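Engineer: Output the structure for:
(chains A and B)
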Amino acid sequence: MSVSQIDTALLGRMFLAGAKNLEKNKDLINELNVFPVPDGDTGTNMTMTIMSAARDVAGLGDSADMKTLCKAISSGSLRGARGNSGVILSQLLRGFTRRIKEESVLTIPVITEAFAKAVETAYKAVMVPKEGTILTVARGISEKARDLNEDGCMDLEVFLTECLKQGELTLEQTPEMLPVLKQAGVVDSGGKGLVMALAGAIDLFLGKEVDLTISDTPTETPQEEEEPVYANLYCVALSVALEKPFRLKQELDLRAYLESFGERVKVTSTEETLTIHTDTNDPGMVLQKALTYGELYNVSVKNQKVEKVEHEKDEEETFTQKAPAPEPEGPVKPVGFIAVSVGDGLAEIFRSLGVDYVIEGGQTMNPSTEDILNAISKVRAQTVFVLPNNKNIILAANQAAELTTDKTVLVIPTKTIPQGITAAINFVPDNTNDENEQAMMAEIQRVRSGEITYAVRDTMIDDKTIEKGDYMGIGDKGILAVDKDLTETVKGMLAEMIDESSELVSVYYGCDVTEEDANAMADCIRTQFPGVDVELQMGGQPIYYYIMSVE
Amino acid sequence: MKKVAVLTDSNSGITQSEAGSLGVSVLPMPFYINEKEYFEDITLTQEQFYEALKGDADIHTSQPSPEQVMKLWDRMLEDYEEIVYIPMSSGLSGSCQSARMLAEDYEGRVQVVNDQRISVTQRQHCIDAVALAEKGFGAAEIREILEREKYSSSIYIMLDTLYYLRKGGRITPAAAAIGTMLRLKPVLTIQGEKLDAFAKARTSAQGKNMMIQAIRKDMETRFGGISPDRINLEMAYTHDKEAAESYKAEVQAAFPDFDIVLNPLSLSVSCHIGPGALAVACSCKIPELM
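Structural biologist: Okay, here's the model as predicted:
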C-alpha cells in the first residue's frame, strides 16, 4: 500500500501515537541526563509537554478539521511545556502546525516545508542554540526531508522512514558534537525524545497497532489528585490564641508533625494567632498538640463523607486546571515578583524579600509554561518579574512572558536559587523597570552558586570520575568537587568558589540535613575559610543537601 | 559690627575646632548616655561615644533647650547684626520648628533656615551661607536662597546593621520590613524631609556599588549632569575611618573630576544608625555663588 497523503484524522492519531511512544520511553530518556543528579528529567519534561497537547487532541474526536487539530497541538504543548527540551519540543510543534493549519491533507512537499518551519521556529526560541542537541536532530530530519523532496520522492512511507532513520543517525552523532555527551557516554536526551515521538507516529502510519487511550489526568502531578475515597475522614480547622509568637522553625515542625498523620495541612501564624487546617483520621491528636501553644477557639471537626467541606482552593495551583484563575481582588501594584523555588525555608526567604508568589518547583519538578502563566495571573501588578532560578526553567518562563498580553512580564534568567535571591535583593522600588532589570542582570553575574547532591550513577564528567553515591559539588560552570565524604565535598567546592574578594558565604541547608549538622558544617566552613562571613539558613529543599553562594 | 553670622548645630558634622576656620558657629546637640547629659564634641569624644554605643548603653538625643539656643543667639547678636541659623532637617528633628518659634521674638534678626539638610549637605549649606554673606546677601535673602535649594541634594547611607535604627524607633515601616530573614545591609536615602528605605544589599560591595549608581543617576537626571562645576560630592561615615577611606577611593574612581569631602557623621546621627555606616551625598552648587 502506498499512501501519498495524510488527512486530519490520521495526523491526529499519529500525534497521539507519537506522544504515547515518548511516554513509554520516558525513563530511558531520563537516564540519558549528562549530570548524574537525582533529578534527571528530560523524559519526564518532554512527556508532560506532549501529553498536555495529547489530552487536547484526544478530546477533539475524529471529526475535527486541520485548523482545530493544529491549534490543539500547538497551544496544548506551548502551555504544557516544561524544561528546556519541553519548550523546544513545543516550539517545533508550533512551527510545524503553523505551516500545515491551512491545508486539508499533508503531502511530502507540505511536510517538508512544515519541518523547515518547525526547525526555524525552535532555533529562534533559544537564545544561544547549541549543536548536538534536539535542535540538531530536528534539523537533520528537516534537511533529509528537503533532499528527499527535491529528489522527487513520492512514497510517503519511504519518505517518513528515511526521515526517521536520519533522525536516529543524527542522534548517534550528537556525542561527537557535544563533548559532555561523549564523556558521559550518552546521546542527547532531548534528541532521543524527539526521535521517540516521531518513531511512534510513523509506527502508526505504517499500520502498527497502537493503544491511543490518553488518560484524562497527567501521568505525574505535582500534588496528589483528590480521591473519591477519603483516606483521612475528618477535616479539622481551629485557631489558637498564641501564648508566645511562633517562629518559622516551630511552624515547620508543627506542619511536619501534622503531616505525619494527616494531609492537606495548612499552618499559618501571626503574632497572636495560629490557624491550623488538616484532614486526618485522628482529630484528637491535632487538638492535643494545638493545646500546647495556647487556648483554642473556632474549632471545627467535620466528617467529609457526610458533611460538605469546602477546601481552600490550593488545588487551583495544580496544572490540571484549564481555565485561567480569576484575578484576585486587590489594588494593582506597579511591580510584582514570582520566584520558582522548592522547600519551605527558601519560599519563606523569597517572601521576606518581597516575592508575591512562589511557584513550588525547580530541581525535581520543572513548572510548565502554564504553571507560570497561572502565577502571573495571580499577581496583581502591572509589571511582573519572574525569577526561574533554574536553567531548565528559563525557556518556559520566557514562553509564559510571550503568551502574556495584559501585563509586562520580565524574566530575569536566574539559573540558581542564590542568583534568584540576589536578584530579589537588588530590586529598587524607585527605579524604572529597565534600571532594575539591568542592575539585577549585573548582580546575578557576581554571585557564585554551588549545590551539593549525590550521584545516581557512575559517569565521567568535566574530567572527573564519579561513582554512584558520591557527593558532588556542582558550580555555575560544572562539577567542582566529588568526594565520598560530604564535608570534604563542601570544602572542595568552596575552595573553587572563594577568592580574595569574597565577603559572604550563604548556606541554605536541605530537608535531609539536620539543623545540628548544618551548624557543624557552617563552623567547619568558618574554620576553613576565616576571611569570609558564613550565614546559615534553613532552605528545606529536597535532593540538594546544601545550596551555597559566594559573594 | 559685622553683618551676618552663620550658626548651625553639630549635626552638620562641623567640629568645634573646624568651626573657626569655616567662619561658622556650632551649637552642640545634647544627648543622654544612661541618663547623663553630654554635649557633642564638648564633653564627649567620638571614641567615648562609640564605646558606650557598642556597650549597649541607653543613648537618647534631644533638641537643644530653648534657653541654650537663645543664650547663644543673644551672645552672637552682640557682635553681629543678623544670624542665619541652619539646624538639622525639620523632617528628622523638631529643633528647627522650635527655633522658628523662638526666632519670632527677634524681629527678623535671626533667620532660621528650613532647608531639609543633614550632615555633609547641611555642612555644605553652612559654607554656602558664609560665602553668600561675604557677597553681601542679608540673612533673610540667604535663608530664601538656601530654602529654594532644599531639594537639590541627595544622600544615600548604607548601614552595617538595622539594629540601632530599630532600637531607636527611627525607622519607617518600609525600612523596618527590610531583611527580616536574611542578614542584609540596608541602603537608606534622605531626599528632603525623611530618612527612608532605598534598597538593600547582601554584601557591602553590592551596597557600595548601588550607592555610586544612585548618585550617578541623581546627577544625570535631577541635577543637570555629572559636573564638578555644578555639583558638590560629599561622603560621610560612622566610626570606621579606614573603610570610609577605602570607599572614598572607589567613589573617586567613579567620579574622577570631583573633589570629595569626607567627614565623620555627627554623633547624634550615629547613635541612630550605629557604627560602620557609609554615606555618599551630592548637592547642587548655588547659582549665586557660581
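
Engineer: just checking, residue A:84 touches residue A:190?
Structural biologist: Yes. Contact criterion C-beta atoms under 8 Å: residue A:84 and residue A:190 qualify, at 7.4 Å. Quick note: C-beta positions are derived from backbone N, CA and C, even for glycine.

Engineer: Which parts of chain B are strands?
Structural biologist: Along chain B, counting by DSSP state E, strands occupy B:2-9, B:25-27, B:30-33, B:36-39, B:59-61, B:80-86, B:110-112, B:153-158, B:185-191, B:194-201, B:231-237, B:260-264, B:278-284.

Engineer: and chain A, what are its domains?
Structural biologist: Split into domains by automatic domain parsing, chain A comes to A:6-205, A:234-304, A:322-436, A:448-550.

Engineer: pLDDT of the shortest one, averaged?
Structural biologist: Averaging pLDDT along domain A:234-304 gives 81.

Engineer: Of residue A:84 and residue A:190, which one has the most company?
Structural biologist: Taking other C-beta atoms under 10 Å in any protein chain shown, residue A:84 and residue A:190 do not tie; residue A:190 has more neighbours (28 against 24).

Engineer: quick one: the more buried one from residue A:87, how far?
Structural biologist: In this view, residue A:190 and residue A:87 are 10 Å apart by C-beta to C-beta, to the nearest Å.

Engineer: cool, and residue A:336?
Structural biologist: 23 Å.

Engineer: Which one's more surrounded, these two?
Structural biologist: With neighbours defined as other C-beta under 10 Å, residue A:336 and residue A:87 compare such that residue A:87 has more, 30 against 23.

Engineer: residues in contact with the residue nearest to the more buried one when sequence neighbours are not counted?
Structural biologist: Once flanking residues are discounted, residue A:87 sits nearest to residue A:395: 3.8 Å by C-beta to C-beta, 6 or more residues apart in numbering or on different chains. Applying C-beta atoms under 8 Å, 6 or more residues apart in numbering or on different chains, we find residue A:395 in contact with A:81, A:84, A:87, A:88, A:125, A:126.

Engineer: by contact count, what packs against the helix or strand hosting residue A:289?
Structural biologist: Element membership for residue A:289 (DSSP states H and E) is helix A:283-291. Secondary structure elements in contact with helix A:283-291, counted by 3 or more C-beta pairs under 8 Å, 6 or more residues apart in numbering or on different chains; DSSP states H and E, are strand A:234-242, helix A:248-259, strand A:273-280, strand A:294-303.

Engineer: Quick check: which of these is nearest to chain B?
Structural biologist: helix A:248-259 (8.1 Å; C-beta to the nearest C-beta).

Engineer: Go through the next helix-or-strand element following the closest one and flag the buried ones.
Structural biologist: Under the assignment DSSP H and E, the closest C-terminal helix or strand after helix A:248-259 is strand A:262-269. Neighbour counts over strand A:262-269 (16 or more other C-beta atoms under 10 Å in any protein chain shown) mark A:262, A:264, A:265, A:267, A:269 as buried.

Engineer: Enumerate every residue touching the fourth one.
Structural biologist: In other words, residue A:267. A:251, A:254, A:255, A:258, A:274, A:275, A:276, A:277.

Engineer: switch the cut-off to 7 Å
Structural biologist: A:251, A:254, A:255, A:276 (C-beta atoms under 7 Å, 6 or more residues apart in numbering or on different chains).

Engineer: on that earlier part again, return the set of buried residues in the helix holding residue A:289.
Structural biologist: A:283, A:285, A:286, A:290.

Engineer: In this structure the third one contacts residue A:279, no?
Structural biologist: Which is residue A:286. No. The pair residue A:286 / residue A:279 is not scored as a contact, 10.1 Å apart, by C-beta atoms under 7 Å.

Engineer: closest to chain B among the buried residues of strand A:262-269?
Structural biologist: Of the buried residues of strand A:262-269, the one sitting nearest to chain B (C-beta to the nearest C-beta) turns out to be residue A:269, at 14.3 Å.

Engineer: So in terms of bridging, what pairs with that closest one?
Structural biologist: Following DSSP bridges, residue A:269 is listed with bridge partners residue A:274.

Engineer: Who are the contact partners of residue B:242?
Structural biologist: Contacts of residue B:242 by C-beta under 7 Å, 6+ apart: none found.

Engineer: gap between it and chain A?
Structural biologist: Counting by C-beta to the nearest C-beta, to the nearest Å, the gap from residue B:242 to chain A is 16 Å.

Engineer: tell me which parts of chain B are close to chain A?
Structural biologist: Neighbours of chain A within chain B, by C-beta under 7 Å from any C-beta of the partner chain: B:180-184, B:198-206.

Engineer: Using PDB, write out the CA atom coordinates for the helix holding residue A:289.
Structural biologist: The C-alpha trace of helix A:283-291 is given here as PDB (Å, rounded to 0.1, in the frame of the first residue of the first chain):
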ATOM      1  CA  PRO A 283      -8.700  14.900  65.300                       C
ATOM      2  CA  GLY A 284      -7.800  14.300  68.900                       C
ATOM      3  CA  MET A 285      -4.100  14.400  68.200                       C
ATOM      4  CA  VAL A 286      -4.400  17.700  66.400                       C
ATOM      5  CA  LEU A 287      -6.300  19.300  69.300                       C
ATOM      6  CA  GLN A 288      -3.800  17.900  71.900                       C
ATOM      7  CA  LYS A 289      -0.900  19.300  70.000                       C
ATOM      8  CA  ALA A 290      -2.600  22.700  69.400                       C
ATOM      9  CA  LEU A 291      -3.400  23.000  73.200                       C
END
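
Engineer: and the residue nearest to residue A:87, helix, strand or coil?
Structural biologist: At residue A:395 the chain is in helix, as set by DSSP: H, G, I helix; E, B strand; the rest coil.

Engineer: pLDDT at it, what is it?
Structural biologist: So, for residue A:395, pLDDT stands at 93.

Engineer: Next: residue A:363.
Structural biologist: At residue A:363, the pLDDT recorded in the model is 66.

Engineer: got it, and the one 4 residues further on?
Structural biologist: Residue A:367 carries a pLDDT value of 93.

Engineer: what about it, neighbour count?
Structural biologist: Neighbour tally, residue A:367, other C-beta under 10 Å: 26.

Engineer: For it, which phi and psi angles does the backbone take?
Structural biologist: phi -70, psi 150 (degrees, to the nearest 10).

Engineer: Check whether it really touches residue A:359, as I assumed.
Structural biologist: Yes. Between residue A:367 and residue A:359 there is a contact under C-beta under 7 Å: 5.0 Å.

Engineer: ok, now which ones touch the residue nearest the centre of chain B?
Structural biologist: What sits nearest the mean C-alpha location of chain B, by C-alpha atoms, centre = their mean, is residue B:119, with 1.4 Å. Counting by C-beta under 7 Å, 6+ apart, residue B:119 touches B:11, B:12, B:13, B:236, B:265, B:266, B:269.

Engineer: list the contacts for residue A:492?
Structural biologist: Per C-beta under 7 Å, 6+ apart, neighbours of residue A:492: A:473, A:480, A:481, A:483.

Engineer: go on, residue A:116?
Structural biologist: Residue A:116 neighbours (C-beta under 7 Å, 6+ apart): A:142, A:146.

Engineer: Kindly indicate whether residue A:345 is helix, strand or coil.
Structural biologist: helix.

Engineer: how near is it to residue A:515?
Structural biologist: 11 Å.

Engineer: Those two - which one has more neighbours?
Structural biologist: Counted by other C-beta under 10 Å, residue A:345 and residue A:515 do not tie: residue A:345 has more neighbours, with 21 against 11.

Engineer: Scan the chain for its longest helix.
Structural biologist: Let's take chain A. helix A:156-177 (DSSP state H).

Engineer: meant chain B actually
Structural biologist: Under DSSP H, chain B gives helix B:204-221 as its longest helix.

Engineer: Packing partners of that helix?
Structural biologist: strand B:153-158, strand B:185-191, strand B:194-201, helix B:241-254, strand B:278-284 (3 or more C-beta pairs under 7 Å, 6 or more residues apart in numbering or on different chains; DSSP states H and E).
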